[in-house]
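> dropping a prediction and its sequence here:
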Protein chains: 2
Amino acid sequence: MTEGEVQGVRKRALSATKAEEIHAVELKVRKRQPDKPCHRPRDSLFSWNSGFDNFTGFVNWAFLLLSIGGLRLLLENFIKYGIRVDPIQWVYMLINEESSECPTLILLLYHVVPVVLCLIIEKALSVEIVPASIGMLAHIVNLVSVILVPMVLIHVKDGFSLIGASTITSVYSVLFLKIWSYIQVNMWCRTARQQNKGHLRRQSVSISNLQRAAVNPKKQDREKSSSEDNNGGLVQYPDNLNLKDLYYFMLAPTLCYELNFAKTERIRKRFLLRRTFEVLAGTQIILAVIQQWMIPSIKNSLVPFSNMDYTVATERLLKLAIPNHLAWLIMFYILFHSWLNLLGELLHFADRNFYADWWNSDNIDVFWRTWNLPVHRWALRHLYLPMVDMGYGKSSASILVFFFSAFFHEYMVSVPLRTYKIWAFMGMMGQIPLSFMSRFVEKRYGPRFGNIVVWASIIIGQPLCIMMYYHDYMVIHHGSTIAEYSQV
Amino acid sequence: MTEGEVQGVRKRALSATKAEEIHAVELKVRKRQPDKPCHRPRDSLFSWNSGFDNFTGFVNWAFLLLSIGGLRLLLENFIKYGIRVDPIQWVYMLINEESSECPTLILLLYHVVPVVLCLIIEKALSVEIVPASIGMLAHIVNLVSVILVPMVLIHVKDGFSLIGASTITSVYSVLFLKIWSYIQVNMWCRTARQQNKGHLRRQSVSISNLQRAAVNPKKQDREKSSSEDNNGGLVQYPDNLNLKDLYYFMLAPTLCYELNFAKTERIRKRFLLRRTFEVLAGTQIILAVIQQWMIPSIKNSLVPFSNMDYTVATERLLKLAIPNHLAWLIMFYILFHSWLNLLGELLHFADRNFYADWWNSDNIDVFWRTWNLPVHRWALRHLYLPMVDMGYGKSSASILVFFFSAFFHEYMVSVPLRTYKIWAFMGMMGQIPLSFMSRFVEKRYGPRFGNIVVWASIIIGQPLCIMMYYHDYMVIHHGSTIAEYSQV
């Protein structure tokens, strides 16, 4: 081969279409050279032209760096504050050493009163010895008392600890939602009973035949089993009005009453043990994170927040964000997975759908629909759909659900703190503009960035509210309660 | 439908095989009830039975938490130390205010001497006025001087700054590898010329015909172009021995010499501008990270390391790990992507394969083969393969490559610091057991955990070495140089 030929090959490389073919030929020529060539035209991987996009190793990198950063913060914290974990302190907090009257325990036991009252009113309504309007009025008074009694008592009496008061407001919020559901479901049943009276006899034969054909195609099976047992089928309306059924619902891991809950066949002992261990260990971990990590951060944030020192306040906020988020994640797992599954297993309750995959949610709306399914299901079944059925628009029904949710967030925070600021309420109402923003980000920049907005609002929003409350709490109760609080 | 029928349906649910079908039927029955049932048997997503495994949202979570943690550290750092970034300080460091002799600049210019010497020896060898053995001896003396001259000068003279001395050792290490490659390639060419003498004339016609058929099937094209230009083809052996060719290689972004490098057609101006901007901005960022973040951490680590206070020393180590790793990542990008691509673009150098996807590497071996391709290619072509050709085993060749690499790491760290400890050497030699460990982890726990071991060794290994050196440096040079160093 002459030099002219090679030059010809090289010249042709100018036409980009034949470039690949030429390179291969050129390489062949150069490979014959005695200098063992090892270079050929290539782009760097970070250049767009390379088309390379496998950066999965950076996912491991991120999780590793996160662990290292976490370990470092843990060490720094122990060096700075020593060991502050003290499980016995929490026991003191709960049994409330200041007062010998145990108001927390008494208020917890008081829950029997509205529950039994509700059952009595329902009984009276079912046998129609009380007019529907009077019964409903009694129910409303009873429901309002469920919210007001703890609120007033905690505000008036001084003996409640922060933990005790928080427990009470949470329990009474759940109680309120459960009783609401119980009342509404029984009302639906009464309405159905009213409508079916008269129609029932006429159509029963034909409907029964249709159902028979649809439900149970194998006649032998059906006839064999129907001859065995007659009193264990689906419970029908007035039969459900008894204390055992009501208390099953009160303990069951759901806020939505129904007459015949889906049941499991047996209790899995190993599953039960694991969930019990998780609840016990996880609670200790959360308490330790709060004592060791969050309380020092919150205390240190007081002065910068008062002085409006933005740089230091932001640093404190971000410092609090990490342990708060950690505690929230563990709390989520313990409450929604371990605790509700534990209850469900004990009560043979089969529907364990307590949360969906909120961690993948691409906007705030999806997050609120997926992270707390018992409340979401309640809000849908007992607030949103009834409102839509009553003719309200979907958006006004949504906003009412948000208002309702915001009220309970505020209730569960302000009442125990006895600091009637609206930070939690504002935080919840702030979800409405945030929802618009996250959906905009999702559409404009793709689902990944929508998901990042959701996570950012969870990680930053909560500690911001906590600091606001702590600041106001200290400003309001400064003189009288600072001594009590510094025990925490 | 009677209660007995429904009970029959429920009883059949006991047989697990028909469970799904039964649930559907049961749901149909229950859906007709007036209590609007909303529960059905389901497992929680975190239960193994659910089969759910989509946790991609946590990847975004990890990156977000990392950013928040980084932002917090940045704020904390500014609050604690104020702004320590001062680009002018680095200029002082380089021009070395202490000495008016500018030893760094003089040593940098001195590189011309070994380069020109090398060319003269090669010229003499190519025209065979010097025996091969004498020529090679001269080459070896020249190569050893490339390593020794800066080492001795930096040790003896006091005028070098840390930055200046580091630049010199890096430049002379590269020079050493390039000259080695130049000598070896020219030796291969001479050997080939020797072998071909005599054979050449006999076979040239037939080979030329074969090549013509293989390389250039379109005769018209070839004939047209071959008539245009005759002196621009592949450069053959003795023609390459000139200063222009040698300096092209000295500047080119590769350590492996060849007579005919693959070239690009044109300089992409926008690409060039972007790479230039990255080099300028990135350098400033690295210097800022070092001044603002690393130096305070390193200084604070001195006392705990001396006192063998393990908890505090570990905390310091992890605190240093984050900015050090950040600086290393930026350094990698700037050096291997921006700087080498900038050089390549200016010199029409077409092979931009400076790094492979080391971030995905599943064990230490893959990491060392992929993160620094110029050195890897040099080691393979000029050390490993020649040794294997000489009959050595593959593992002894590998270990020699490691020794060689370890020596240069030590050289580039110890000489500028004038602290002849073997931490860098040990760090490199420690890669051999680490390699066994990471391959074990990869096989035992899967590639993901192998990748995590690689990342961990990068993130933790480097700051550990830095602290060791800093500690020894302070202990050795304490009295005389602490004032100088505290300026850094």
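That came through, no problem. Numbers count the residues shown, from 1 in each chain, chains lettered A, B, ... in the order given.
> burial of A:Ile120, as a residue count?
Counted with other CB atoms under 10 Å in any protein chain shown, the neighbours of A:Ile120 add up to 14. Placement of C-beta: from N, CA and C, glycine included.
> from B:Leu148, how far off is it?
Here A:Ile120 is placed at a distance of 101 Å from B:Leu148 (CB to CB, to the nearest Å).
> now do the phi/psi pair for A:Asp351.
When read as degrees, to the nearest 10, the backbone of A:Asp351 gives phi -90, psi 100.
> so it sits against B:Ser44, correct?
No: A:Asp351 is beyond contact range of B:Ser44, at 9.9 Å (criterion: CB atoms under 8 Å).
> which of those two has more neighbours?
In this view A:Asp351 and B:Ser44 are compared by other CB under 10 Å, and A:Asp351 has more residues nearby, 26 against 20.
> what sits against that one?
Going by CB atoms under 8 Å, 6 or more residues apart in numbering or on different chains, A:Asp351 touches A:Thr254, A:Phe261, A:Ala262, A:Gly344, B:His39, B:Arg40, B:Pro41, B:Arg42.
> how about the nearest residue to the third one, chain neighbours excluded?
On the basis of CB to CB, 6 or more residues apart in numbering or on different chains, the spatially nearest residue to A:Ala262 that is not a chain neighbour turns out to be A:Ala350, at 4.0 Å.
> count the residues that sit near that neighbour.
The local packing of A:Ala350 (other CB under 10 Å) involves 18 other residues.
> quick revisit: show me which of the contacts of A:Asp351 is closest to B:Ser306.
Distance to B:Ser306 across the contacts of A:Asp351 (CB to CB) is lowest for A:Gly344, with 57.5 Å.
> can you tell me the SS state at that closest one?
helix (DSSP: H, G, I helix; E, B strand; the rest coil).
> who touches it in this structure?
Per CB under 8 Å, 6+ apart, neighbours of A:Gly344: A:Ala252, A:Pro253, A:Thr264, A:Ala350, A:Asp351, A:Arg352.
> same check, this time on A:Gly391
Neighbours of A:Gly391 in contact, by CB under 8 Å, 6+ apart: none.
> which helix is the longest one in chain A?
helix A:447-486 (DSSP state H).
> okay, now the unreliable bits of the stretch 51-200 of chain A?
Within the stretch 51-200 of chain A, the stretches with pLDDT under 70 are A:93-101, A:198-200.
> how about the strands in it?
For the stretch 51-200 of chain A, strands defined by DSSP state E, counting those that start in this stretch do not occur.
> what does it put close to chain B?
Contact residues (CB under 8 Å from any CB of the partner chain) of the stretch 51-200 of chain A with chain B: A:52, A:54-66, A:68-69, A:71-72, A:75-76, A:78-79, A:185, A:188-189, A:191-193.
> contacting residues around the residue nearest to A:Ala262?
Residues counted as contacts of A:Ala350 (CB under 8 Å, 6+ apart) are A:Phe261, A:Ala262, A:Lys263, A:Thr264, A:Gly344, B:His39, B:Arg40, B:Pro41, B:Arg42.
> how about 6 Å then?
Contacts of A:Ala350 were listed using CB atoms under 6 Å, 6 or more residues apart in numbering or on different chains, and they are A:Ala262, A:Lys263, A:Thr264, B:Pro41.
> before we move on, what about A:Trp188?
Residues counted as contacts of A:Trp188 (CB under 6 Å, 6+ apart) are B:Pro34.
> tell me where the stretch 101-250 of chain A has helices.
Applying DSSP state H, counting those that start in this stretch to the stretch 101-250 of chain A gives helices spanning A:103-109, A:112-126, A:132-156, A:162-196, A:199-215, A:219-228, A:243-251.
> quick one: which of those is nearest A:Asp309?
Counting by CB to CB, A:Asp309 lies closest to helix A:162-196 out of the helices of the stretch 101-250 of chain A; the figure is 27.2 Å.
> what angle separates the closest one from helix A:243-251?
130 degrees (axes from the mean of the first three to the mean of the last three CA atoms, to 10 degrees).
> which elements pack onto the longest helix of chain A?
The contact analysis (3 or more CB pairs under 6 Å, 6 or more residues apart in numbering or on different chains; DSSP states H and E) places helix A:447-486 against helix A:295-306, helix A:310-332, helix A:423-429, helix A:431-445, helix B:57-81.
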